[in-house]
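Asker: Quick one, fold the following:
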Amino acid sequence: MSPKDLPLRLTLDSAALVANWRWLAGQGGAPAGAAVKADGYGLGAREVVRHLAGAGCRDFFVATWAEADQLALPQSVSLSVLHGARAEDMDAALASSARPVLNSAAMVARWKQVAAGRPCDVMVDTGMNRLGLTVEEACSGLLDGLNIDLLLSHLACADEPGHPLTERQRAQFVEVAGAVPARRYSLANSAGACLGPAYGFDLTRPGLALYGGVPHPAAQGHIRPVAAIEAQVLQVRDVLPGQSVGYGATFVAQQPTRIAILNLGYADGYLRAFAGRGSARLGEAGCPLVGRVSMDLIAVDMGSAEVGEGDWLAIDYRLDEASRLTGLSQYELLTGLGSRYQRLWTE
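Answerer: Next up, the predicted model:
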């Protein structure tokens, strides 16, 4: 089956993607790169790179070497692999133009042994306790002899305004940057870029906000949605008073109700948390979800709206609003979208 025949559409707005990247660069007071891990947060890394590189983005970030292998990059851009270089990764790393982000003393030793003169990046942990060298390791001389392109750290709480850890991390990063020579320094993710030039250093590394997520109150009204879901109507049913819809009979009609069954479910990333909260739209008409979300299907109350088999409904899926309604993170809502969508980029 051709992708254009699939009964789910994900329309992706390239102008919104580029506009979000430009706004984030303006906030951080430094050039903005782009995190394109998890296949461009589920939207398609190749197309994301194509659009952002065309707009002037020069630094991209993936999680693994397998992700790096999937990208066809222009020669004018750079790529960093955030999970570094395990022993199993060394052949791929040495064959690639991408740079590993060295995260541990063992990775540093491994890189020095076989590729000391080649550019690399280094992650320093300033308080997240996830990946990265400790501040003490980074300042101990361990990194002497490395050709470090980008020294980076990662903010843990930048999306929580006023959290004291954020400023402590910035201060620790300033200390490390003063002790470790590198071509460039980078601390801010999407939320960090919203904190202003004090957090921008030489490069910001937005991810979620590029794709329409609102990572910080300062971004509200500036970040544009990128992904829009549409689902096709498979069947229209007239449900009588007293009849139920879906698993568990959680919805029982109180009056004659016209129900549209849509080709969308939790296997497509539209999760069960939307039951009783989600909605679709036919033109200006809002159509609330009724009953549970199934693996492949949802039901919506069409009210008086005229709809037929084969029609398409827009799904209300603005990331910040959907997160508020369901309690799911914007990251989950975005990266969980599956492979059963037509992905249609607007140029």
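
Asker: My guess is residue 285 contacts residue 303. True?
Answerer: Yes. With contact defined as CB atoms under 8 Å, residue 285 counts as touching residue 303 (6.7 Å). For every residue, glycine as well, the C-beta is placed using N, CA and C.

Asker: Contacts only, for the most centrally placed residue in the chain.
Answerer: For the chain, the residue nearest the mean C-alpha position is residue 41 (3.6 Å; CA atoms, centre = their mean). Taking CB atoms under 8 Å, 6 or more residues apart in numbering, we find residue 41 in contact with 35, 207, 208, 210, 211, 331, 334, 335.

Asker: how much space between it and residue 160?
Answerer: Separation of residue 41 from residue 160 (CB to CB, to the nearest Å): 21 Å.

Asker: shouldn't residue 255 be in contact with residue 240?
Answerer: No. Under the criterion of CB under 8 Å, residue 255 is not in contact with residue 240, lying 9.0 Å apart.

Asker: just so I have it, where are all the helices in the stretch 1-150 of the chain?
Answerer: 14-28, 37-41, 45-55, 65-69, 90-95, 105-115, 135-138 (DSSP state H, counting those that start in this stretch).

Asker: let me fix that: the stretch 151-300 of the chain
Answerer: So, for the stretch 151-300 of the chain - with DSSP H, counting those that start in this stretch - the helices run 164-179, 190-193.

Asker: now, of those, which is deepest in the fold?
Answerer: Burial of the helices of the stretch 151-300 of the chain is given as mean neighbour count (mean count of other CB atoms under 10 Å); helix 190-193 ranks first at a mean of 30.

Asker: what sits up against that one?
Answerer: Against helix 190-193 from outside (CB under 8 Å, 6+ apart): 24-25, 27-28, 32, 155, 158-159, 166, 199-200, 204, 206-210, 213, 215-216, 219.

Asker: if we go to 6 Å?
Answerer: The contact list for helix 190-193, computed with CB atoms under 6 Å, 6 or more residues apart in numbering, reads 24, 27-28, 155, 158-159, 199, 204, 206-209, 215-216.

Asker: Return that helix as CSV; C-alpha atoms alone will do.
Answerer: The C-alpha trace of helix 190-193 is given here as CSV (Å, rounded to 0.1, in the frame of the first residue of the first chain):
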residue,chain,number,x,y,z
SER,A,190,14.9,24.0,24.8
ALA,A,191,13.9,25.3,28.2
GLY,A,192,17.4,26.6,28.9
ALA,A,193,17.4,28.7,25.8
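
Asker: where does the chain dip in pLDDT?
Answerer: 1-3 (pLDDT under 70).

Asker: got the angle between the lengthiest strand in it and helix 14-28?
Answerer: Secondary structure of the chain per DSSP state E: the longest strand is strand 227-239. Strand 227-239 and helix 14-28 are oriented at 130 degrees to each other (axes from the mean of the first three to the mean of the last three CA atoms, to 10 degrees).
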